[in-house]
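J.: Output the structure for:
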Amino acid sequence: MDIALSCHQTLSFDQIQTTRGFAFSSNKFLLKGATWRKAYSRIHCSSMEPGLRPRPMPKPSKIGFDERQEPMLEKSPIKKPPPGLCSQIEKLVLCSRYREALELFEILELQSGYDMGSSTYDALVSACISLKSIRCVKRVFNYMVTNGFEPDLYMRNRVLLMHVKCGMMFDACKLFDEMPERNLLTWNTILAGLVDSGRYMEAVRLFLIMWEEDSDGCSRTFATMVRASAGLSLVSVGRQFHSCALKMGVGEDIFVSCALIDMYSKCGDIEDAQFVFDLMPEKTTVGWNSIIAGYALHGYSEEALEMYYEMCDSGVKMDHFTFSIVIRICARLASLEHAKQVHAALVRHGFGSDIVANTALVDFYSKWGRMEDARHVFNRMPRKNVISWNALIGGYGNHGQGDEAVNMFEQMLRERMIPNHVTFLAVLSACSYSGLSERGWEIFQSMSRDHKIKPRAMHYACMIELLGREGLLDEAFALIRSAPFKPTTNMWAALLTACRMNENLELGKFAAEKLYGMEPEKLCNYVVLLNIYNRAGKLKEAAGVVQTLKRKGLRMLPACTWIEVKKQPYAFLSGDKSHPKAKEICQKVDNLMLEISRHGYVVENRTLLPDVDEEELRVLKYHSEKLAIAFGLISTKGWVPLQMTQSHRICSDCHNAIKYIAMVTGREIVLRDASRFHHFRNGTCSCGDYW
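T.: Next up is the predicted model:
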C-alpha cells in the first residue's frame, strides 16, 4: 500500500496498518513547459515500524511543558522582578552580550516566583541558542516550568527551537509530542533538527504524518526533506519530494534548488543536478558551489573547473567555500597555473585570511612540492587549526624534509595546539620517508603516553616501513605480531616493500601470501613478489607468479604519465608516438640518455618493478616518464620546475634516470606515482631511493 505524495490526494493511515513501512507513488512532472519528464519509482523502506499512526494530540498541560510534574497544591504568590532587571537582560541580548544576560538571570533564579514576560523569556532563549549551552537551556526551561509560565504557540516554537539548536533532540521530540497545537514552523523546526542530527528516516516518517494531517509544506520543508533524501542516498525519494515541491509551487525556490542539486550530486545523478541548476531563475553562490562540488565529487575535475570559470564570468559573488573547492580540484588535476590564479582571486575577493581557503592552499602547495609557497601562506594565516598544521607537516614529510616536519610538529605542541591521529600519521610518515628512526620511535611512543591517542594500523605501517628502511625486517615482523589488532593490508604491504628493498625472499613470500588472502585481486601485490623473485634469480617461482596472474585474468594497464604545460595537460604512454611532436620528443630522450650515460647512468633492466609488463620492458628507453620529461624540457623555460603524475609506481630504471636528468639539466622534477611523491633535485630524490 502506498502513501501518495500528491497535493490533491492522500491515503488514510488506517490503510497503512496492513503493510510494513511506506512507499511513495510514482509521479511525473513538467518543468517550465519543457518536454523533459521524469518518472518517479516506488521506494519501499522495510525498516519502518508497522501500523504507523499519527501521535495523539495531548491535552494542554496545566503547568505548561512537563506533564510528569504534579500541579502545585497552593499557588505561590506572583512577585514582580526587580525594576529594570528584565529590560536589562533584553538589552544585553540585543547587544549580543549573552553570557552577561544569563549572569543577570541568576539573580532571578536564586529566588523563584518572579513573573517575567514573554519578551524576557524570548531574549533568554536567544542567548541559549547563540551560546549552544545545554546547561543554560536546562536552567531557563526549568525556570519556566517551575514558575508556571504558560507560553503561547510562538513561545512553544521558540523553546522547541532552543532544544533543537543545542542538539537536545530527545527533549525536543518530547516537547513536540506534548504540544497542544502545531503550525508549519513547528513541523519545520523538528524536521530540520532530525535531519541535522542524521536521523533521516525519522524525518521522513514524521513528514508523512504531517502530510496526512495538513497536506501542507513550504520551501523550507521540502529543502529539508530533500536533504534527508541525500542523507539516505535514495535518489527516487528525492525525486518525489522534488515532484511535490513543484506541485506546491516552490520547486524553483533558491533553497529547494540548491538542496536538489546537492541531493542529485550525492546520489550520483549529476545530469539531473545540472538540469536543476540550469533552471534556477537566479543562480546564487550556494547554487554554483553545489554544482561545482557535485562535478568534483564524481571525478569530473575538468568540468568542475569550467563551471568555476563560468561562475567568474557570471559576476556572482564568491565565498571561501568556492575557493576551497576549486583549490582541491586543482590539486587533483596537478594544475599549478590554475591554482595560482585561484590564489590570486582569493586574495582579490577579500579572503586572504580565511582559514578554510588558506588551509586548502597550504595543502595544495604542499602536495606539489611548493613548500616555500605553502609555508608563506601558512605563516600569513592569522588563525590556524589542526588541519592547517597537518597539511604543512604532511607536505614536508611527503617531499623528504623530515627534519622540517618534526620541527613543525614540535612548534605545534609549543603553541598548545592539540594534535590528532592525522597529525601523528603525518609526522610518523615524515620520519619514515626521511629515515629518522629514533625520533619516529619517540613520537610513536608519545601517542598513547602523552596524548592519549591509541595508534592505528596506519601508524603501525609507518613504523614497519621505518624499520624496513633500516633493514630490520625481524623487528618489523615482530611489530606486526605484537599489534593489539588484526594486521591490515597496509601493514603487510609495508613489510612486503621492505622485503623487496632488502631482497628477503622468504619473509617477502610470507607477506605476499597474507596479502593474497586479504586482497586476492590486487595486482600490485603480485608484481612486487614477482620482482623479488626476479631479483633473487628465482625464475621458476617468477614464472609461477606470472601463471597465477594469467589464471586470475589480471593484467597491468599501460603506465601513463601526465604533465601540465602552459595550463594544458598532456598524457604519455610508454613508447607513445601519437603526439604531434613525437619525433622531436624521442630525439630529446635519445640526447638525454646519451648525456646522462656520460655521468654514470647505466640501464637497469633486472626487474619489472613496479607495474610494467614484458612488452614495456622492450621500450624501456621510451617509458612514459621519460617521454613526459622530454616534452616538458622542450616546451618550457629552463627555470620552470616540471610537475608530473604517474598512474603506476615508477620503475627502478626511470627513477635512476630522472635523478641524472635533474642533475644535468638543473631542473626540479616532482613526480607523484602510485607510491608517493618523488622530488628530484641535483641528482637526488626525496624518497631516499626507498619506494
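J.: Dump stretch 367-378 to PDB, keeping only the CA atoms.
T.: Only the C-alpha atoms of stretch 367-378 are listed here, as PDB (Å, rounded to 0.1, in the frame of the first residue of the first chain):
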ATOM      1  CA  LYS A 367      51.200  18.300  -2.300                       C
ATOM      2  CA  TRP A 368      53.100  19.500  -5.300                       C
ATOM      3  CA  GLY A 369      56.400  20.300  -3.700                       C
ATOM      4  CA  ARG A 370      56.000  24.100  -3.400                       C
ATOM      5  CA  MET A 371      56.900  24.100   0.200                       C
ATOM      6  CA  GLU A 372      58.100  27.700   0.300                       C
ATOM      7  CA  ASP A 373      54.800  28.800  -1.000                       C
ATOM      8  CA  ALA A 374      53.000  26.600   1.400                       C
ATOM      9  CA  ARG A 375      55.000  28.000   4.400                       C
ATOM     10  CA  HIS A 376      54.400  31.500   3.200                       C
ATOM     11  CA  VAL A 377      50.600  31.000   3.100                       C
ATOM     12  CA  PHE A 378      50.700  29.300   6.500                       C
END
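J.: Make residue 1 into 9 and carry on from there
T.: Yes, from this point I'll number from 9; that puts the last item at stretch 375-386.
J.: Only the buried residues of it, if you could.
T.: Using 16 or more other CB atoms under 10 Å as the test for burial, stretch 375-386 gives 375-379, 381-383, 385-386. Bear in mind the C-beta positions are built from the backbone N, C-alpha and C, glycine included.
J.: Could you check how far Q409 is from M420?
T.: 16 Å (CB to CB, to the nearest Å).
J.: what does V350 give?
T.: From V350 across to M420, the span is 27 Å (CB to CB).
J.: go on, M671?
T.: Distance from M671 to M420, by CB to CB: 35 Å.
J.: got it, and L369?
T.: To M420, L369 is 19 Å away according to CB to CB.
J.: neighbour-wise, which of the two wins?
T.: Applying other CB atoms under 10 Å to L369 and M420 shows that L369 carries more neighbours, namely 28 against 21.
J.: Show me what the host helix or strand of the more buried one packs onto, helices and strands only.
T.: Taking DSSP states H and E as the criterion, L369 maps to helix 363-375. Applying 3 or more CB pairs under 8 Å, 6 or more residues apart in numbering; DSSP states H and E, we find helix 363-375 packed against helix 328-341, helix 344-356, helix 379-388, helix 394-406.
J.: Pick the most deeply packed of those.
T.: Most buried of these, by mean neighbour count (mean count of other CB atoms under 10 Å): helix 394-406, with a mean of 25.
J.: Heading C-terminal from that one, find the next helix or strand.
T.: helix 410-422.
J.: gap between that following helix and the chain center?
T.: 25 Å (CA atoms, centre = their mean, to the nearest Å).
J.: ok, the residue nearest the centre of the chain - contacts?
T.: The chain has L305 as the residue nearest its centroid, 9.5 Å off, counting by CA atoms, centre = their mean. Shown in contact with L305 (CB atoms under 8 Å, 6 or more residues apart in numbering): 273-274.
J.: ok, it to S273 distance?
T.: Distance from L305 to S273, by CB to CB: 6 Å.
J.: before we move on, what about H306?
T.: 7 Å.
J.: Between those two, which is the more surrounded one?
T.: Per other CB under 10 Å, whichever of H306 and S273 has more neighbours is S273, with 25 against 15.
J.: Excluding chain neighbours, what is closest to that one?
T.: Among residues not flanking S273 along the chain, G302 sits closest, at 2.9 Å (CB to CB, 6 or more residues apart in numbering).
J.: how about T692, what does it touch?
T.: T692 sits in contact with K667, where contact means CB under 8 Å, 6+ apart.
J.: Next one: it, what pLDDT does it get?
T.: pLDDT, T692: 89.
J.: Phi and psi next, for it.
T.: In terms of degrees, to the nearest 10, the main-chain angles of T692 are phi -130, psi 160.
J.: what's across from it in the sheet?
T.: Judged by DSSP bridges, the bridge partners of T692 are R689.
J.: Report the separation between it and S605.
T.: According to CB to CB, T692 and S605 sit 19 Å apart.
J.: same thing with Q419?
T.: Counting by CB to CB, the gap from Q419 to S605 is 45 Å.
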